[in-house]
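S.K.: Mind looking at a prediction? Sequence and model below.
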Amino acid sequence: MNIKILDSWLREHLKTKATPKEIAEKLSLTSLSVERIEEVGKDFLYEMEITTNRIDLFSVIGIAKEAAAILPQFGINAEFIPLTIKKENGSLTNLPIVINTNPVLVNRVCAVLMEVDTGKSNPQVQERLETSGIRSLNNVIDVTNYVMRTLGHPSHVFDFDRLNTKKLAIREAKKGERIKTLDAKEYTLLGGEIIAENEKGEIVDLLGIMGLSNSIVTEETKRILYFIDNNNPHKIRNASMSLGIRSEAATINEKGIDPELSMDAMLYGIELFEKYASAKQISKVLDIYPNKPKNKTINVSLEKINKIIGVEIDIKKSLNALSALDFKPRLLKDSVSVDIPTNRLDDMEHEEDVIEEIARIYGYHNLSSILPQNGQTQRNFFADDFYWEKRVKNTMKYWGFTEVLTYSFVSQSLFDGPIENAVEISNPLTEDFVFMRNSLVPSLLNVINENKNFEQIKIFEIANVYIKNANKLPEEIPMFSGIYKKDDVSFYEVKGTIEQLLSDLGINNISFKNTKDGGIGASLYLKDESLGQIEVLDSNLIDFELNFKIILKHASINREYVKFAKYPPIVEDLTLVLEQEVKTEDVINEIKKQDKIIVDVYLKDTYEQSRTFHITYQSQENNLTKEDILTIRTQIIKAVEKHFNAKIG
């Protein structure tokens, strides 16, 4: 996610002689990616990409603090200038409204009642918000957005008189409840969203995402309820995505904001309301704080730090930089103990996280470039599921296939099997997206149907299917499916493609049997495990579908290498007349069993009831003679006559 801030705004909290270009360059090397710098009048605008695990950087204060810790590592003096926030007036009366919260939904709530003069926004506030991509509305609403951009904690403001209540209850929404947001759009809630309702039972806020039209600040607003809510990030994410409301507040809240920021955001907001909206505080600040962050300390040995980083670093210098980022490091005899600040609790879990932070702040540019001894490098090859998926996709691409991506949601007509077995969507967008698919083939056939003008198509897809699971979430199974479309397409061509692909993945012990439903094609087995099937749909159309989960389980990079034979092979064709029900695979296996020098057998040709097998003989020990082959051929003929009632063609 990206953030835009003006250089002049940043320097209110960062004292340095570094140029904007230098700040951008040094931050990009260590913390975040500064995508570009744009000159705006006499100012400069930074556009920065923030990784989702560093929500603490999604603010002017966060970036200023980061720059103050990073720039000195490059020999550039820098100092962080914190906000000076005055304490609240303790002589005021209590907030004239009761707020009931649920600790499962809300970590902290702060609220205060103020009188304001609503009007135009301050020009500097307006400029800073607009250049940041936030639309300026009025001096009251702009303060909430200014607080959010400065400190990184969203805030909200209600028209207190329009609330018309002495109680606010924060609860989970019920399925079917309806709301109208401040942009006049109506939504039907799915259940589970965090909402606030007044004593009349009217929903007045969709917490952490967007305010509602029935409590919005207008030009007539005289009293406001300034409201800071720190919520369960998972609830915010689910509600925002399900309803399709992607406000900036939701984007920040769903990442999990430090609740310790809430009071700073409250007091800073009060100060700004007084400055820009002639506000008067008329109640004490209410602070409900059920879920305080727990302290976390991580210990890591100096030996491990140096081993993972690769060189012995100046640890005291790095600990000073850690301190600048609000960590509390202590250097012990042979280890470092680090107290994690509350704004990094979710980001710092293991020893390696602390080591990465030390290396990053110390500066990758300060690490010596040391080649391994003798110029040798050790490469540890790790083949995970993503590796095998990429390997399959590349192989299919080079064999002339095109990868397609189709929807996981299908209509009833595209669902494969009885509809009572389908996983049904509770809130489908249209009638074409009602069920979760249990097979990729119907979706691929739909692609074929939509591309009728092409005489030849070879497509494939690797994606999940969804199998109904009583009283539980559906089982997700990755499948690998494909379709051949061309005139006179051969079953054996498809079979050969699958055999060669699996062989490339180190899977060779597959077998083919009649399809379970008696259709034209074959079922594939890996030992006794059902792998999938090939299905002949028409003279020009064949599909296949394999269980990719099973493929991943058996795929291997291990190979058995056999030395080249010193002696040449002898090949011959043997034609057998066989009954139709005799399986070619069984005949091939029977031929191979007759002698160890039979190194390869495959079906070369068929005509009516005749099948011609191509047999390769080769010895690792000596040259083969005609007499050797004659003896083995006699054994083969006796075996196929006995087991399959075969006749020589």
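M.R.: Okay, I see it.

S.K.: How about stretch 299-313, which residues are buried there?
M.R.: Using 16 or more other Cβ atoms under 10 Å as the test for burial, stretch 299-313 gives Val300, Leu302, Ile305, Ile309, Ile313. All C-beta atoms are positioned from the backbone trio N, CA, C, and that covers glycine.

S.K.: Also stretch 28-48?
M.R.: Buried residues in stretch 28-48 (16+ other Cβ under 10 Å): Leu29, Thr30, Ser31, Leu32, Val34, Ile37, Asp43, Phe44, Leu45, Tyr46, Glu47, Met48.

S.K.: Mean confidence (pLDDT) on that stretch, please.
M.R.: In this model, stretch 28-48 has an average pLDDT of 93.

S.K.: Also stretch 544-553?
M.R.: Stretch 544-553 shows an average pLDDT of 95 in the prediction.

S.K.: measure that stretch end to end?
M.R.: With Cα to Cα, to the nearest Å as the measure, stretch 544-553 spans 19 Å from end to end.

S.K.: Quick check: buried residues in it?
M.R.: Of all the residues in stretch 544-553, those buried under the rule 16+ other Cβ under 10 Å are Phe544, Glu545, Leu546, Asn547, Phe548, Ile550, Ile551, Leu552.

S.K.: Can you give me the distance of the fifth one to Ile340?
M.R.: Distance, Phe548 to Ile340, using Cβ to Cβ, to the nearest Å: 40 Å.

S.K.: and if you look at the last one?
M.R.: Here the criterion is Cβ to Cβ. By it, Leu552 lies 37 Å from Ile340.

S.K.: and the lowest-mean-pLDDT helix or strand in the chain, what does it pack onto?
M.R.: Within the chain, confidence by mean pLDDT, DSSP states H and E is lowest for helix 315-324 among all helices and strands, at a mean of 82. Applying 3 or more Cβ pairs under 8 Å, 6 or more residues apart in numbering; DSSP states H and E, one finds that helix 315-324 contacts helix 60-70, strand 328-331, strand 335-339, helix 351-362.

S.K.: tell me how far it is from the chain's mean position?
M.R.: Chain-centre distance of helix 315-324: 33 Å, with Cα atoms, centre = their mean, to the nearest Å.

S.K.: quick revisit: let's have the buried residues of stretch 28-48 in JSON lines, adding secondary structure.
M.R.: As requested, those are exported to JSON lines (DSSP: H, G, I helix; E, B strand; the rest coil):
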{"residue": "Leu29", "secondary structure": "helix"}
{"residue": "Thr30", "secondary structure": "helix"}
{"residue": "Ser31", "secondary structure": "coil"}
{"residue": "Leu32", "secondary structure": "coil"}
{"residue": "Val34", "secondary structure": "strand"}
{"residue": "Ile37", "secondary structure": "strand"}
{"residue": "Asp43", "secondary structure": "strand"}
{"residue": "Phe44", "secondary structure": "strand"}
{"residue": "Leu45", "secondary structure": "strand"}
{"residue": "Tyr46", "secondary structure": "strand"}
{"residue": "Glu47", "secondary structure": "strand"}
{"residue": "Met48", "secondary structure": "strand"}
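
S.K.: Make a markdown table out of those residues and add distance to Leu537.
M.R.: Listed next are the buried residues of stretch 28-48 as a markdown table, based on distance: Cβ to Cβ, whole Å:
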| residue | distance to Leu537 |
| --- | --- |
| Leu29 | 57 |
| Thr30 | 57 |
| Ser31 | 56 |
| Leu32 | 53 |
| Val34 | 55 |
| Ile37 | 58 |
| Asp43 | 65 |
| Phe44 | 62 |
| Leu45 | 58 |
| Tyr46 | 57 |
| Glu47 | 52 |
| Met48 | 53 |
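
S.K.: Thanks again, I'm all set now.
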